[in-house]
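Student: Any chance you can model this:
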Amino acid sequence: MGQLPSVSDGLLEALPDLLIVVRRDGVVLGHAGGWSCAPMRPLNIAVGQALEAVWPAPVASLLRQLTHKAIASRATTEARLTLAGCPCEVRVSPLGPERVACVVRSVVTERVDALETSDELRRPHLNRRGFLHRFKESMGVAALREKPMALAVVHVDGVADIAQIIATKVAEQIMSAAILRLPPQGAEADGTPSWYLGQLNDNLLALVLETSDRDAIEACVERVCASLREPVDVAASQFHLTPYAGVAILGQDASSPKTLLEHARAAAAEARRTASDRVCFFTDTLQLQSLARLDIARELSEAIVNRDIRLRYVGRHDLASGRLSAWVGYLRWQHPLRGEIRPVEFLRIAETTGLATALSRAMLAGLAEDLQTMGSALDPDVRISFGALRHHILHEDFVDNIRALVSQGGMPVERLELRISEKTFIAHEPTNLHALARMGIRLVVDEVARDVGSLDALARAPLWGLQLDRAWVTALRSDPVALKVCRAGISIATALGLAPIVTGVDNEAQRELLLELGCRLGAGDLFQAGASDIKQPIAASVR
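Tutor: Alright, predicted model coming up:
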């Protein structure tokens, strides 16, 4: 199995698709997975054998042809075959001039729901339609008999990532295993409220509780969440899920099934937004927050036009000498009535209302004015760093917008630095980055280690620097994991020939440790005195 990726053998075997590594001469170098296409799954003795010794002649001949074609064309080839009545799709991709990776996938697969076939526990109401039907019936009975009822929605983080990175079937197995081991449903005899469970989608659970007592609801839902947080063992590998729970109470928060479900989901979303491990109730406070967000959405467009949202600048310094190297712009909205509105509160609204691109363009247009305001306070080699919003960067006119700013003479190209969040960088078209780099613009990937980046993309893109996410830097001296992440991020930047940059350098001890790790550029409270030289404060980071 040495030819395959270094993942747990048990986890590889749990993959539904069959992966085979084949040498140019038709010798099998390794294989894994394949439980969804069992007739094609070889025995362990297949490693080191020729294709003809493992599969029937027609199958082996087809695999040989695809292997030679993929290596010769340096492109993926594909075909379909049937073995023992099992129709399969074969995709062969070259792994260099001497070997290929064959992925065999069953074309018609029966979805086996572990929740329905398990001998350990049968819960037919986990079927989404069945649960929703039962939920509506429960609400009708509760309303007629004037009985209390509450609905809890639990968002389980981690399932979608597992499905994307590993396989959907593995994610389904993990979710099924986590549900099947949940504590038994309550009964009033044991002092806990009666409740039942439903699954709304791949990562969303719902609990219907026959009570309106907040303490009883919280205790019951927290028991469920505690069970979901425990590691899940699947195929000799261990996985961790993170639940976020929200509750809406019948009569207090809503009187119809649809509204009750919407409010419970809104409460769960609020718990997830704040990363709270406590149960979040859809209270008047949450309603007021929702209304406030609606007001912000209405006022955002006007604020963009009136330039009420501006940039404030934080100095980035050489950590060894303290010399200023760049002014880094962050978004700030100073509302005349609400005071300062944090970017986290209006950036998501801008994205969901389609105003993100307009906001980012307005900030870009204001860079020239900001540079003129700073004037003689800047040395010739000090750059202005701007982080465009994701929707703007991915827009087809983004490069033209940058080119227009530079060509109009408002911003010398040698003074401009463009920051791109790691999440946006992964989704960005690399040709646009090369166009920007050819113009002379310095490119920096921001918020490194917040998401999962691609080393291949980082190595190939025309970047100048990598800026670590602030959360890791601030915890550098107190959290061993943060220290490891910072060391790894700085090492990756150095190995790729890029400048490692940090934010959150708040004291001398942090500065010295970062210098030891090999980082020379950073911003933070340690250099705050230098920021007072600029007369125009304008705020927080664009993502």
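
Student: ok, how many other residues are close to the closest residue in space to residue 242 that isn't next to it in sequence?
Tutor: Distances taken as CB to CB, 6 or more residues apart in numbering place residue 157 nearest to residue 242, at 4.1 Å, with adjacent residues excluded. Every C-beta, even on glycine, is put in place using the N, C-alpha and C of the backbone. Per other CB atoms under 10 Å, the neighbour tally for residue 157 reads 15.

Student: cool, the one 4 residues further on as well?
Tutor: Other residues within reach of residue 161 by the criterion other CB under 10 Å amount to 14.

Student: How about the contacts made by it?
Tutor: With contacts defined as CB atoms under 8 Å, 6 or more residues apart in numbering, residue 161 has no neighbours.

Student: mind checking which helix or strand it is in?
Tutor: In this assignment (DSSP states H and E), residue 161 forms part of helix 159-165.

Student: Going toward the C-terminus from that helix, what's the next helix or strand?
Tutor: helix 168-180.

Student: Look up how far residue 94 lies from the residue nearest to residue 46 when sequence neighbours are not counted.
Tutor: Nearest non-adjacent residue to residue 46, counting by CB to CB, 6+ apart: residue 54, 4.5 Å away. Plainly put, residue 54 is 21 Å away from residue 94 if you go by CB to CB, to the nearest Å.

Student: Using PDB, list the CA coordinates for the strand or helix carrying residue 426.
Tutor: Residue 426 is part of helix 422-427, with elements assigned from DSSP H and E. Taking C-alpha atoms only, helix 422-427 is exported to PDB below (Å, rounded to 0.1, in the frame of the first residue of the first chain):
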ATOM      1  CA  GLU A 422      -7.000  31.800   1.800                       C
ATOM      2  CA  LYS A 423     -10.500  30.700   1.200                       C
ATOM      3  CA  THR A 424     -10.900  33.000  -1.800                       C
ATOM      4  CA  PHE A 425      -7.400  32.100  -3.100                       C
ATOM      5  CA  ILE A 426      -8.400  28.400  -3.300                       C
ATOM      6  CA  ALA A 427     -11.400  29.300  -5.500                       C
END
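
Student: Pull out the buried residues from the helix or strand following that helix.
Tutor: Following helix 422-427 in sequence order, the next helix or strand is helix 430-438 (DSSP H and E). Going by neighbour count (16 or more other CB atoms under 10 Å), the buried part of helix 430-438 is 433, 435, 436, 437.

Student: do you know how far the second one is from residue 403?
Tutor: The one in question is residue 435. 8 Å.

Student: Also the last one?
Tutor: Counting by CB to CB, the gap from residue 437 to residue 403 is 13 Å.

Student: Give me the pLDDT for the residue nearest to residue 46.
Tutor: Note for residue 54: predicted pLDDT of 85.

Student: phi, psi of it?
Tutor: Dihedral pair for residue 54: phi -110, psi -40, per degrees, to the nearest 10.

Student: what's the neighbour count on it?
Tutor: 19.

Student: so who does it touch?
Tutor: Per CB under 8 Å, 6+ apart, neighbours of residue 54: 28, 42, 43, 46, 60.

Student: try 10 Å
Tutor: Shown in contact with residue 54 (CB atoms under 10 Å, 6 or more residues apart in numbering): 20, 28, 31, 40, 42, 43, 45, 46, 47, 60, 63.

Student: Closest to residue 331 out of the residues you listed?
Tutor: residue 20 (50.3 Å; CB to CB).

Student: so the closest one bridges to which residues?
Tutor: residue 31, residue 102 (DSSP bridges).

Student: what's downstream of the helix or strand bottoming out on mean pLDDT in the chain, the next helix or strand?
Tutor: Within the chain, no helix or strand scores below helix 114-117, which has a mean of 38 by mean pLDDT, DSSP states H and E. Next helix or strand after helix 114-117 toward the C-terminus (DSSP H and E): helix 128-145.

Student: What pairs with the strand ranked longest in the chain, parallel or antiparallel?
Tutor: Secondary structure of the chain per DSSP state E: the longest strand is strand 324-335. Here strand 324-335 is paired, per DSSP bridges, with strand 309-318 (antiparallel), strand 339-341 (antiparallel), strand 383-387 (parallel).

Student: Buried ones in it, by neighbour count?
Tutor: Neighbour-count burial for strand 324-335 [16+ other CB under 10 Å]: 324, 325, 326, 327, 328, 329, 330, 331, 332, 333, 334.

Student: quick one: it to chain centroid distance?
Tutor: Computed by CA atoms, centre = their mean, to the nearest Å, the chain-centroid distance of strand 324-335 equals 25 Å.

Student: Name the nearest residue to residue 398, ignoring sequence neighbours.
Tutor: In space, residue 398 is closest to residue 392, 5.8 Å off (CB to CB, 6+ apart).

Student: list the contacts for the one you found?
Tutor: Contact partners of residue 392, counting by CB under 10 Å, 6+ apart, are 356-361, 363-364, 398, 401-402, 424, 542.

Student: And the helices in the stretch 251-400 of the chain?
Tutor: Ranges of helices within the stretch 251-400 of the chain are 257-273, 284-305, 343-352, 356-365, 367-374, 390-393, 398-407, based on DSSP state H, counting those that start in this stretch.

Student: any chance of these in CSV, with mean pLDDT and distance to residue 147 too?
Tutor: Shown next, in CSV, are those (pLDDT from 0 to 100; distance: least, CB to CB, whole Å):
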stretch, mean pLDDT, distance to residue 147
helix 257-273, 88, 14
helix 284-305, 73, 23
helix 343-352, 81, 37
helix 356-365, 89, 46
helix 367-374, 80, 61
helix 390-393, 87, 47
helix 398-407, 87, 56
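
Student: for the ones you listed, which one sits closest to residue 78?
Tutor: Closest among the helices of the stretch 251-400 of the chain, using CB to CB: helix 390-393, at 33.1 Å.

Student: so how far is that closest one from its chain's centroid?
Tutor: That offset, for helix 390-393, works out to 17 Å (CA atoms, centre = their mean).
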